[in-house]
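Visitor: Generate a structure from the sequence data that follows.
(chains A and B)
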Amino acid sequence: MKHWGLEMARVLVADDASFMRQMIREIVEAEGHEVVGEASDGDEAVEEWKRLQPDVVTMDIVMPRRSGIDAVKGIMDIDSTACVVMCSALGQETLVQEALQAGARDFIVKPFKPDSVIATLNKVLEKKED
Amino acid sequence: MDLAKYRAIFIEESTEHFAEISQALLELEKDPARVDAIDVVFRMAHSIKGMAASLGYDSITELAHKLEDRMQLVREAGVVEPREELSVLFRGLTALEAMVGAVRETGEAPPADPELVSALAARSGPEAAPKKKRAEAPGAARRSSAPAPRLEAPRPPPTVRVNTRTLDRFLSTVGEVILNTSQVRTVSQSGVTQNTALTEGLDRMDRVVGELQRRALELRTTPLLRILEPLPRAARDVAERAGVRVEVQLRGAELELDRSILDRLSDPLVHLLRNAVDHGIEPPDARIAAGKPAVGRIVIEARRDKDTIRLSVSDDGSGIDLDGVRRRAQESGVVHPDLAADLTAEQIAALVFEPGLSTASEVSEISGRGVGMDAVRSTLESLGGAVEIATEPGRGTTTTLVVPITAAVQRVLLLGVGAETVAIPIAKVERIEECPTERIERAGSDAFALIDGDLVPVLDLASHIAQPAAAPGRYTHLVLTEVRGERVALSTERVAGQQQIYVKPLPELLRGARALSGLTILGDGRPMFLLDPNQIA
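Guide: Got it, this is the predicted structure:
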């Protein structure tokens, strides 16, 4: 399905707060993308990534069991072209840097603003298609 | 964005987080270096901050942020300072709970307490971490916590949240299915010839409906943990103000109970716990002088006993001052002075449940909150349960809430009296005996029968439900049951079998009839009442 000139993307949402998962889901679905799965910790994020092979993952940094950054590393070990966008909060700049070095494509900052979330997602998806 | 929806999720999710933070802080009180507990508090504070920020609750965001920052420093140090720092963390949690509570009530977040905000910001004390630049902190901490063993509990299966109203509607529909099935059976049996295929089909349907009903009822049950979990922390708060030290142990929290009952047990339990801490446990020096450990012990235990759950709160404190209770009971006119001298210790202890006595002279800031022991008793009685108390001077007190495990669907015994059929819960029936009428001995208006060598009072069901008594036949049926701990025989004209019924609450008009505990609609459409044997006599 085409949407704004882009393929509809299959999105995996990883966040330990269902509040945040729902919020991202709403934003992403309003844009015409599909949320194919949700994960509530880093381990689950990697497992779901393997199972679903989504186009993009939104990855919270602070999660139980395995942090978002370790999950990015886990996913990169499997597929270095995987597309992960970090969800961060103000004050997590160092962690965001670390995640980007580990292979994350970009980041969005809480509290989420729908426009900037979509802009970031579309930007990384566009690049992915190149 | 649907604000109301997200606000509801925020309230629910942060409330769950508060429980986890509370649990983790209590663990840190025992072992200030538990990396996993430190981590939980940090993560939960972070998560609450993110949600609050998304909804524009700036004051909650600020306080959660301060708590998160403080936990970041604790993570770096690898240990929490167990006195002042832990106390500040608890205060932070209490304040956040209150603020989210205000959001629940008013939709607005009140401002954060500036004193608390600065207390959270200033980490001092012997364990304080070397100062680091804020920007470096998170990465460093993450690395230092990475090699820590994973101590978290195994992941529970995924869950969904269901609105209780939706659940109740669903259960009510299942109840209707049960009623309809038995109505169809009644119709099928009224034909002249029996249709075997129909009967077999109905039998299969009964099994499926039974399974459906069992599963549906499971949905309503919730582990006791839900109401027990906050208690250790509540005890700690009370203890801190009362100047005593306590450790609370929970046992049997995995037992499950119907949620509607569970929710009503919360206040009584908190009251018993407050009493135990505030009036039971002695100050540390008094305990040491009495040869006890400085830290008082309170055990909250749930145990299944037949069709009841017994929830007890035991402390190893000073016990109830029985002479004081006796004196107060006399002064307030609850007990006549001549009788007071003859009361046994148990009877005196039970006096604390009398209205106006429990909170009379020992009103304290903490326990004297208007819910006395009489309120505990009336709550339990309205649930069809009871409260028991046992105390030993110098050794402690155990108060037990006895709660029936009632459910919306019950197996009942049908008893016929004249044209009327009534039901009593089969769990309350010990056995049924056929007894020759002449063996029932009458003494004035009382009747007795010799059963298992004991004289058991016989209650005539017909007269208790205001039905004309039938002409006595040669035999009568005695249904042996228990009324407030005493064996009692209900005499009835006929026993009309047993059945699974879906118990509906009584209509408003009949609420005053205490002996009736519910209502069901029979297969033929007539109503049938469920009797509470405890209220007949």
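Visitor: got the residue ranges for the strands in chain A?
Guide: Secondary structure of chain A (DSSP state E): strands located at A:2-3, A:6-7, A:10-14, A:34-39, A:56-60, A:84-89, A:106-110.
Visitor: So for chain B, which of these sits nearest?
Guide: strand A:106-110 (4.7 Å; C-beta to the nearest C-beta). For glycine as for every other residue, the C-beta is placed from the backbone atoms N, C-alpha and C.
Visitor: what's the angle from the closest one to strand A:56-60?
Guide: Calculated by axes from the mean of the first three to the mean of the last three C-alpha atoms, to 10 degrees, strand A:106-110 forms an angle of 50 degrees with strand A:56-60.
Visitor: contacting residues around strand A:106-110?
Guide: A:20, A:58, A:85-90, A:96, A:99-100, A:116-117, A:120, A:123-124, B:50, B:53-54 (C-beta atoms under 8 Å, 6 or more residues apart in numbering or on different chains).
Visitor: do that again at 7 Å, thanks
Guide: A:85-90, A:96, A:116-117, A:120, A:123-124, B:50, B:53-54 (C-beta atoms under 7 Å, 6 or more residues apart in numbering or on different chains).
Visitor: Name the strands paired with it and say parallel or antiparallel.
Guide: strand A:84-89 (parallel) (DSSP bridges).
Visitor: Now restrict the contacts of strand A:106-110 to buried residues only.
Guide: A:85-89, A:96, A:117, A:120, A:124, B:50, B:53-54 (16 or more other C-beta atoms under 10 Å in any protein chain shown).
Visitor: List phi and psi for the closest residue to residue B:94 other than its chain neighbours.
Guide: Spatially, and ignoring its direct neighbours in sequence, residue B:94 is nearest to residue B:237 (7.5 Å; C-beta to C-beta, 6 or more residues apart in numbering or on different chains). Backbone torsions of residue B:237, given as degrees, to the nearest 10, read phi -60, psi -50.
Visitor: number of nearby residues for residue B:237?
Guide: Using other C-beta atoms under 10 Å in any protein chain shown, residue B:237 has 15 other residues around it.
Visitor: for residue B:99, same thing?
Guide: By the measure other C-beta under 10 Å, the count of residues near residue B:99 is 24.
Visitor: That one touches residue B:58, doesn't it?
Guide: No. With contact defined as C-beta atoms under 7 Å, residue B:99 does not reach residue B:58; the gap is 10.9 Å.
Visitor: ok, what's across the strand from the residue nearest to residue A:25 when sequence neighbours are not counted?
Guide: Excluding the flanking residues, the one nearest residue A:25 by C-beta to C-beta, 6+ apart is residue A:35, at 4.8 Å. Beta-bridge partners of residue A:35, counted by DSSP bridges, are residue A:11.
Visitor: Would you quantify the distance from residue A:35 to residue B:9?
Guide: Distance from residue A:35 to residue B:9, counting by C-beta to C-beta, to the nearest Å: 16 Å.
Visitor: Show me which residues of chain A sit near chain B.
Guide: Residues of chain A lying near chain B by C-beta under 7 Å from any C-beta of the partner chain: A:16-20, A:22-23, A:62, A:64-65, A:67, A:89, A:92-95, A:98, A:110-112.
Visitor: can you do 6 Å?
Guide: A:17, A:19, A:62, A:89, A:94-95, A:98, A:110-111 (C-beta under 6 Å from any C-beta of the partner chain).
Visitor: Type out the PyMOL command that picks the buried ones from the residues you listed.
Guide: Listed next is the PyMOL selection for buried residues among the residues of chain A next to chain B, using 16+ other C-beta under 10 Å:
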select buried, chain A and resi 17+19+62+89+94+95+98+110+111
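Visitor: Format the residues of chain A next to chain B as JSON lines; extra columns: pLDDT.
Guide: As requested, these are exported to JSON lines (pLDDT from 0 to 100):
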{"residue": "A:17", "pLDDT": "89"}
{"residue": "A:19", "pLDDT": "90"}
{"residue": "A:62", "pLDDT": "89"}
{"residue": "A:89", "pLDDT": "83"}
{"residue": "A:94", "pLDDT": "85"}
{"residue": "A:95", "pLDDT": "88"}
{"residue": "A:98", "pLDDT": "91"}
{"residue": "A:110", "pLDDT": "86"}
{"residue": "A:111", "pLDDT": "85"}
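Visitor: For the residue of chain A found nearest chain B, give me its contacts.
Guide: Closest approach between chain A and chain B, counting by C-beta to the nearest C-beta: residue A:111, at 4.0 Å. Neighbour list for residue A:111: B:53-54 [criterion: C-beta atoms under 6 Å, 6 or more residues apart in numbering or on different chains].
Visitor: thinking again about what came up before, what would the residues of chain A next to chain B look like in TSV with distance to residue B:105?
Guide: Formatted as TSV, the residues of chain A next to chain B follow (distance: C-beta to C-beta, whole Å):
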residue	distance to residue B:105
A:17	23
A:19	20
A:62	29
A:89	27
A:94	39
A:95	36
A:98	41
A:110	26
A:111	23
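Visitor: Quick one, which of the buried ones among the contacts of strand A:106-110 has the minimum pLDDT?
Guide: Lowest pLDDT within these is found at residue A:89 (83).
Visitor: So what pairs up with that residue in the strands?
Guide: residue A:110.
Visitor: Local confidence estimate at residue B:243?
Guide: For residue B:243, pLDDT reads 88.
Visitor: Over to the one 4 residues further on?
Guide: The confidence metric pLDDT takes the value 90 at residue B:247.
Visitor: Confirm that it sits in a strand.
Guide: Yes. Inclusion of residue B:247 in a strand is indicated when DSSP: H, G, I helix; E, B strand; the rest coil is applied.
Visitor: In contact with it, which residues are there?
Guide: Contacts of residue B:247 by C-beta under 6 Å, 6+ apart are B:295, B:297.
Visitor: same deal with residue B:181?
Guide: By C-beta under 6 Å, 6+ apart, the residues touching residue B:181 are B:205, B:209.
Visitor: Secondary structure element for it, which one?
Guide: Counting by DSSP states H and E, the element that carries residue B:181 is helix B:164-190.
Visitor: just checking, next helix/strand downstream of that helix?
Guide: Following helix B:164-190 in sequence order, the next helix or strand is helix B:196-220 (DSSP H and E).
Visitor: what's the model's confidence in that next one, averaged?
Guide: Helix B:196-220 comes out at a mean pLDDT of 80.
Visitor: Please apply the same query to stretch B:494-509.
Guide: 74.
Visitor: Now do that stretch: everything it contacts.
Guide: B:175, B:178, B:408-414, B:416, B:421, B:432, B:477, B:516, B:518-520, B:530.
Visitor: gap between the most centrally placed residue in chain A and residue A:33?
Guide: The residue lying closest to the centre of chain A (C-alpha atoms, centre = their mean) is residue A:58, at 1.4 Å. Residue A:58 sits 11 Å away from residue A:33 when distances are taken as C-beta to C-beta.
Visitor: swap in residue B:295?
Guide: In terms of C-beta to C-beta, residue B:295 sits 56 Å off from residue A:33.
Visitor: next one: residue B:496
Guide: For residue B:496 relative to residue A:33 (C-beta to C-beta), the value is 63 Å.
Visitor: Next: residue B:190.
Guide: 61 Å.
Visitor: Likewise for residue A:126?
Guide: 13 Å.
Visitor: Those two - which one has more neighbours?
Guide: residue A:33 (24 against 11).
Visitor: Excluding sequence neighbours, find me the nearest residue to the more buried one.
Guide: residue A:9 (4.5 Å).
Visitor: picking up where we left off before, what subset of the contacts of stretch B:494-509 is buried?
Guide: Using 16+ other C-beta under 10 Å, the buried ones in the contacts of stretch B:494-509 are B:175, B:178, B:408-410, B:412-414, B:416, B:421, B:432, B:477, B:516, B:518-520, B:530.
Visitor: Quick check: which ranges of chain A have low pLDDT?
Guide: A:1-7, A:129-130 (pLDDT under 70).
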